[in-house]
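Participant: sharing a sequence plus its predicted fold:
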Amino acid sequence: MPSLNAPNRYRSPEHVAVAAPNSLALPPRRIPWLVRSRVLFGGMLNQFGWFWLGFSMIFVAAFVGGSAPKAVLFNFATLETAPGEVLRVEATNSSENKRTIYAIRYIFRIDQLEAEYYGVSYTTAYNSFAEGQAVEVEYDAANPASSRIRGTRVSTFGLGVLFVLIFPIIGVVLLAGGVRLGIRGMRLLRMGNVAQGTLVGKEPTGTRINNQMVYKLTFDFADSNGMRYQTSAKTYLPYTLEDEATERVLYDPRNPSYAVLFDNLPGRPEVDLLGRILPGGLLQLLARRQRAG
């Protein structure tokens, strides 16, 4: 099965283009702003990308929050040391590798500044510290309030927790891919030629959305010169591309392998009797109003 939008350049035995009515107005077409927004920011990739990004940001906020920046800044600071004393050891609600993380509260004095500072460090080795224990404190020479007991850390989680950032990055990549497909759809919706595509392949992708299998449907079409190409679409609503004998295809006349299926565009725009592009559902709404009138 050819890959998404891979061209299949060959001439049909009859060397005749597939005839199809062109119900869309000739390019360049006017695209309403609502259609533009739906095509650019809607669609399966964008929907899944927004869901993934929002869900992953919960973990970023919980594990990273302001802790990671604080730890990074401390690692780049000029450190000096001072004697300190443990005030108490407290268990936090967080754990690391199934080990509870403890907060070690302490006090230390900087003689040259004639000042005392309080601080809190974090560790899973709680049995290494006890109330009243003498400890060595490392502090930021430019900001003594930022400190830690040597061998511990300044934040609840170490820098290793930054690995969770990979999840929102995946979400951003999905959104970028969705917007890229939207830009392609917008360009073809405005300037593309129209052909009728015939379904020649359907296969499950192994991915599910809303508990429904995502299918890859491949369509064969002919451009205005009779050259044949194929384009594919992935959807968890395959019936939207199987409800007619042929499906409308928009393609770039300079590169017909650059094509999309009109009914697979995000927001599912519609075409009125004059060939104008309308937001999906608007024709049904107008028809209901006419019947009501």
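Facilitator: Happy to help now that I have it. Residues are numbered from 1 along each chain as shown.
Participant: secondary structure class for residue 106?
Facilitator: Following DSSP: H, G, I helix; E, B strand; the rest coil, we place residue 106 in the strand state.
Participant: looking at it, it is touching residue 87, isn't it?
Facilitator: Yes - when contacts are counted by C-beta atoms under 8 Å, residue 106 is listed as touching residue 87 (5.7 Å). C-beta coordinates here come from the backbone N, C-alpha and C atoms, glycine included.
Participant: the two: which is more packed in?
Facilitator: Using other C-beta atoms under 10 Å as the criterion, residue 106 and residue 87 rank with residue 106 on top: 24 against 16.
Participant: neighbours of residue 175, how many?
Facilitator: 19.
Participant: list the contacts for it?
Facilitator: By C-beta atoms under 8 Å, 6 or more residues apart in numbering, residue 175 lies in contact with 45-46, 49-50, 53.
Participant: which SSE is immediately downstream of the worst-scoring helix or strand of the chain on mean pLDDT?
Facilitator: Ranked by mean pLDDT, DSSP states H and E, the weakest helix or strand in the chain is strand 10-11, scoring a mean of 38. Using DSSP states H and E, the helix or strand that directly follows strand 10-11 along the chain is helix 33-41.
Participant: mind listing what's buried along that following helix?
Facilitator: Judged by neighbour count (16 or more other C-beta atoms under 10 Å), helix 33-41 contains these buried residues: 35-36, 38-41.
Participant: output it as PDB - backbone C-alpha positions only.
Facilitator: This file holds the C-alpha atoms of helix 33-41, laid out as PDB (Å, rounded to 0.1, in the frame of the first residue of the first chain):
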ATOM      1  CA  TRP A  33     -12.900  32.900   8.400                       C
ATOM      2  CA  LEU A  34     -14.800  30.100  10.300                       C
ATOM      3  CA  VAL A  35     -13.800  27.600   7.600                       C
ATOM      4  CA  ARG A  36     -10.200  28.800   7.800                       C
ATOM      5  CA  SER A  37     -10.000  28.400  11.600                       C
ATOM      6  CA  ARG A  38     -11.600  24.900  11.500                       C
ATOM      7  CA  VAL A  39      -9.300  23.700   8.700                       C
ATOM      8  CA  LEU A  40      -6.100  25.200  10.300                       C
ATOM      9  CA  PHE A  41      -6.700  24.200  13.900                       C
END
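Participant: and that helix, what other elements does it pack with?
Facilitator: helix 166-191 (3 or more C-beta pairs under 8 Å, 6 or more residues apart in numbering; DSSP states H and E).
Participant: just checking, what packs against the helix or strand that the helix it packs on is followed by?
Facilitator: Next in sequence after helix 166-191, counting helices and strands by DSSP H and E, comes strand 193-209. Secondary-structure packing of strand 193-209 (3+ C-beta pairs under 8 Å, 6+ apart): helix 44-59, strand 212-222, strand 227-235, strand 247-252.
Participant: what do you get if the cut-off is 10 Å, keeping everything else the same?
Facilitator: In terms of contacts (3 or more C-beta pairs under 10 Å, 6 or more residues apart in numbering; DSSP states H and E), strand 193-209 is packed against helix 44-59, strand 212-222, strand 227-235, strand 247-252, strand 255-261.
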